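> The following block contains a protein sequence and its predicted model.
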Amino acid sequence: MLLKHLYDFAHSRKILDDLAFAPKAIRWIIPLDGQGRLVGAGLIETPGERNRGKEFLAPRTSLDKGVGGIAEFLADGITAVFCLDADPERRLTEKQRKDRDVNNSKKHEHFWTQIRQAFEETHLPALRAVLTFHEQTKNQPPFLRYGKEAGSATPSEKPKWWVKTAEGAEKRMGPDQFTFQVGGEIVLSDEAVIRPYWRKVYAAEVKDQEAKASLGFCLVTGKENVSVATIHLPKIKSVPGTQSFGAAIVSFDKPAFSSYGFEQSLNAPVSTDAVSAYCNGLNALLSREEHSLTIGQTVLCFWARESQTATSFVARMLRKPDPLAVADFIRAPWAGVDRSAARLDQFYSVTFSGNAGRVVVRHWMQTTVEEARENFAQWFRDLEIAQIGAAQQAEKRKRKSKAVDSSLAQSKEEMPPLALFRLACSTVRDAKDLQSEVPAQLYRAALERTAPSIRLLKPILNRLEADLQKYGSKTLFNLSRFALLKLILNRNRKEGDPMIQPEVFETDDPAYNCGRLLAVLAETQAKAHEYKLEGAGVAERYFGTASVSPSSVFPLLLRLNRHHLNKIRKSDRFGGHERFLEDAIQDILIKFRPEISNQPPRFPRLLDLQAQGRFAIGFYQQKAERDARKAQAAKDKEKKADEQ
């Protein structure tokens, strides 16, 4: 079913119209004159994201690059163009090194053979200049150097390839691509000769592969007597965890995967036409921001059968959900959208991860655009929660976004708090530790209205406790953490548990009220020290214990609190404020009073995992309410000053 929908997508979006060319990021242009001599001091670096270079519509081969010794036409890496190993000091066995050198030589020879064949047929002067350059350099280009950074005195520094630029500077290479410019014109972009020539070569390659293929029944299209692909090409690229040249969804490269004497993909026959369509369709989805989102070791792909705006909206709201846009969407999820058309249109989604040479399908979803949009709206409603320091955080993001080039991918800190990546990262210390199942769970929760695993509460709460001890109250600015906590708790709510609201709400739930109480006690302590408390306060020191065993902590904290109230009462700055704090404490303590009068409050002995989550939410929301009152008081004071 997945392959059939990818096949339909490729045909409906006309992706198969010109398969001989594909977008490719090329960082280095080798500038030559008509006689094949290098122009200037070095190479021209093209502008591009993360030093990958500018994207060109470059020729691509239909041959299987995974077998080795296959190069692209006119644009490839350092091995194909110069017969130089990208990592000369890589640790290999003698046999591995020999095989690698043989493959490098074959790839290099294939690269230049293609150019020679093109010149023999077209007699294009630019190709003659490129070939002359190759003969003159003898694979020892003056603009490449392998070693440490010039002037470096670090003994442990690993040698790298360095490129001399046209300005005379040296820049470190990555997995970069090279191409040629002759007389100021990029050779591979020649519309008069090169592009028609390569279309003919590509068509001949495809025809030759089809002639060698067996005839059979296609499982994707249902057609009979069609050429069946032995290997599914092109490879699927940009899936985390797969090899650089790509991987396959369908492959049978081991005898154990075969049956009845069939070889490779003949075990699941798919026509060459269908293979080309679904592979190119999936690569198109993975290369477009409006159709995919990569989070850690997982990539999410989504598309609609008819509508293109539906998927761009989903991508934008998952990647960068602007707070104002989210608020508008929650208020009117169908504004400007034809709901009747959305009811008929289909929405498809697939979650991938990689396993070396194979693409692993983690989850497949098919629903209507209407249902996906309704579920998406509910996702943001369930994430809705009061924010501490909202104005400051918005201004901070605004300053950062101005300082960052809009063409660059933003870091975790620069994303809005409800971005899927930010939410997923609230479960780990570092984004590198993110497991593929976490973003996949959250993605399903957004578009299928499922409940993320209750087990996610544990890492979130562990991070909260650790960060409180390390960063103090700054930890509460992490809206992503508390929004996700709220969603998980509400969607896994047991009978008798309260439905968590976006702001502080009245409930008899002991866990939630214990969290609120700790927040008020922490505020009392901070005010008693005129907000100049050095070291850890009661929240930082006792949050972990209080959230698990409230009865062992709160009697002690309440005794300590009496000293803080007395100190505030005697304060010249805050004298009188103790009455408001006492009222707030008593309003919460009344919920813990036993039926027998004159008895101390009875706090829960132990809290389970979900109750610990409600404790954290109560603590956060009580802090958020205080922050909102403080912000409103400042606004009222400013307004009064303006009126005077």
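Received, thanks.
> the strands in the stretch 301-450 of the chain, which residues?
For the stretch 301-450 of the chain, the strands defined by DSSP state E, counting those that start in this stretch cover 346-355, 358-368.
> Serialize the ones you listed to TSV and add fields for mean pLDDT, mean neighbour count and distance to A304.
Quick note: C-beta positions are derived from backbone N, CA and C, even for glycine. TSV is the format used below for these (pLDDT from 0 to 100; neighbours: other Cβ atoms under 10 Å; distance: least, Cβ to Cβ, whole Å):
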stretch	mean pLDDT	mean neighbour count	distance to A304
strand 346-355	94	21	5
strand 358-368	94	16	9
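> which stretch among these comes nearest K623?
Between K623 and the strands of the stretch 301-450 of the chain, the shortest gap by Cβ to Cβ is with strand 346-355, which sits at 35.6 Å.
> And the closest one, what does it pack against?
In terms of contacts (3 or more Cβ pairs under 8 Å, 6 or more residues apart in numbering; DSSP states H and E), strand 346-355 is packed against helix 2-12, strand 298-304, strand 358-368, helix 369-383, helix 437-448.
> That one to helix 369-383, inter-axis angle?
60 degrees (axes from the mean of the first three to the mean of the last three Cα atoms, to 10 degrees).
> which residues touch strand 346-355?
2, 5, 9, 239-242, 247, 297-306, 310-311, 359-369, 371-372, 436, 440, 443-444, 447 (Cβ atoms under 8 Å, 6 or more residues apart in numbering).
> Mind giving me the PyMOL select for those, buried ones only?
Selection of the buried residues among the contacts of strand 346-355 in PyMOL, burial being defined by 16 or more other Cβ atoms under 10 Å:
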select buried, resi 5+9+239+241+242+247+297+298+299+300+301+302+303+304+305+310+311+359+360+362+363+367+368+369+372+436+440+443+444+447
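> Redo the strands of the stretch 301-450 of the chain as CSV? Include distance to I26.
Formatted as CSV, those follow (distance: least, Cβ to Cβ, whole Å):
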stretch, distance to I26
strand 346-355, 25
strand 358-368, 25
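> Relative to A611, which of the ones you listed is closest?
Nearest to A611, of the strands of the stretch 301-450 of the chain and by Cβ to Cβ, is strand 358-368 at 30.4 Å.
> Can you point out the buried residues in stretch 97-117?
Here stretch 97-117 shows 100, 104, 107-108, 110-112, 114-115 as buried, counting by 16+ other Cβ under 10 Å.
> What of stretch 589-605?
Here stretch 589-605 shows 589, 591-592, 601, 603-604 as buried, counting by 16+ other Cβ under 10 Å.
> Next, the distance between the ends of it.
16 Å (Cα to Cα, to the nearest Å).
> Rebuild the buried residues of stretch 97-117 as CSV, extending it with pLDDT and distance to T165.
Shown next, in CSV, are the buried residues of stretch 97-117 (pLDDT from 0 to 100; distance: Cβ to Cβ, whole Å):
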residue, pLDDT, distance to T165
R100, 94, 29
N104, 95, 25
K107, 96, 26
H108, 96, 24
H110, 97, 28
F111, 97, 23
W112, 97, 24
Q114, 98, 27
I115, 97, 24
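> quick one, helices of the stretch 51-200 of the chain?
78-82, 94-122, 125-137, 194-212 (DSSP state H, counting those that start in this stretch).
> on contacts alone, who are the packing partners of the shortest one?
So the one you mean is helix 78-82. Taking 3+ Cβ pairs under 8 Å, 6+ apart as the contact cut, helix 78-82 packs with helix 94-122.
> And the last one, by the same measure?
In this structure, helix 194-212 makes packing contacts with strand 54-59, helix 94-122, helix 272-287, judged by 3+ Cβ pairs under 8 Å, 6+ apart.
> could you say what helices and strands the last one packs with?
Contacts of helix 272-287 with other secondary structure elements, assessed using 3+ Cβ pairs under 8 Å, 6+ apart, are made with helix 2-12, helix 194-212, strand 226-228, strand 298-304.
> Identify all contacting residues around whatever helix or strand comes next after the first one.
Yep, that's helix 2-12 we're talking about. Sequence order places strand 21-26 as the next helix or strand after helix 2-12, per DSSP states H and E. Strand 21-26 is touched from outside by 46, 48-49, 52-60, 72, 75, 177-179, 195, 198, 283, 287, with contacts defined as Cβ under 8 Å, 6+ apart.
> if you set the cut-off to 10 Å instead, what comes out?
46, 48-60, 72, 74-76, 175-179, 186, 188, 195, 198-199, 202, 234, 237, 280, 283-284, 287 (Cβ atoms under 10 Å, 6 or more residues apart in numbering).
> Mind putting the buried residues of stretch 97-117 into JSON lines with distance to K164?
Output for the buried residues of stretch 97-117, formatted as JSON lines (distance: Cβ to Cβ, whole Å):
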{"residue": "R100", "distance to K164": "26"}
{"residue": "N104", "distance to K164": "22"}
{"residue": "K107", "distance to K164": "24"}
{"residue": "H108", "distance to K164": "21"}
{"residue": "H110", "distance to K164": "27"}
{"residue": "F111", "distance to K164": "22"}
{"residue": "W112", "distance to K164": "22"}
{"residue": "Q114", "distance to K164": "27"}
{"residue": "I115", "distance to K164": "23"}
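> Identify whichever of the strands of the stretch 301-450 of the chain lies nearest to L418.
strand 346-355 (19.0 Å).
> pLDDT of the lengthiest helix in the chain, averaged?
Longest helix in the chain by number of residues, with DSSP state H as the criterion: helix 609-643. Throughout helix 609-643, pLDDT has a mean value of 90.
> before we move on, back to that, what would the helices and strands packed on helix 194-212 look like in a markdown table with distance to F21?
Below are the helices and strands packed on helix 194-212 laid out as a markdown table (distance: least, Cβ to Cβ, whole Å):
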| stretch | distance to F21 |
| --- | --- |
| strand 54-59 | 5 |
| helix 94-122 | 15 |
| helix 272-287 | 12 |
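> What is the burial count for F376?
The local packing of F376 (other Cβ atoms under 10 Å) involves 19 other residues.
> List the buried residues for the longest helix of the chain?
Quick answer for helix 609-643 (16+ other Cβ under 10 Å): 610-628.
> Can you give me the domain assignment for the protein?
Here the chain is described, according to automatic domain parsing, as comprising the domains 20-204, 307-344+372-492, 507-644.
> now the end-to-end length of stretch 314-327.
15 Å.
> Any idea which helix or strand in the protein has the lowest mean pLDDT?
Least confident helix or strand, the chain: helix 390-403 with a mean of 54, by mean pLDDT, DSSP states H and E.
> hang on, the earlier thing: show me just the buried residues among the contacts of strand 21-26.
46, 52-53, 56, 58-60, 72, 74-76, 176-179, 186, 188, 195, 198, 202, 234, 237, 280, 283-284.
> from the chain's centre, how far out does stretch 223-240 sit?
Centroid separation for stretch 223-240 versus its chain: 27 Å, with Cα atoms, centre = their mean, to the nearest Å.
> buried ones in that stretch?
For stretch 223-240, by 16+ other Cβ under 10 Å, it's 226-239.
> how about those residues, which pair is most distant?
V226 and S238 (28.9 Å).
> helix/strand/coil for the closest residue to C279 other than its chain neighbours?
Nearest residue to C279, sequence neighbours excluded (Cβ to Cβ, 6 or more residues apart in numbering): P234, at 5.2 Å. State at P234, reduced to three classes by DSSP: H, G, I helix; E, B strand; the rest coil: coil.
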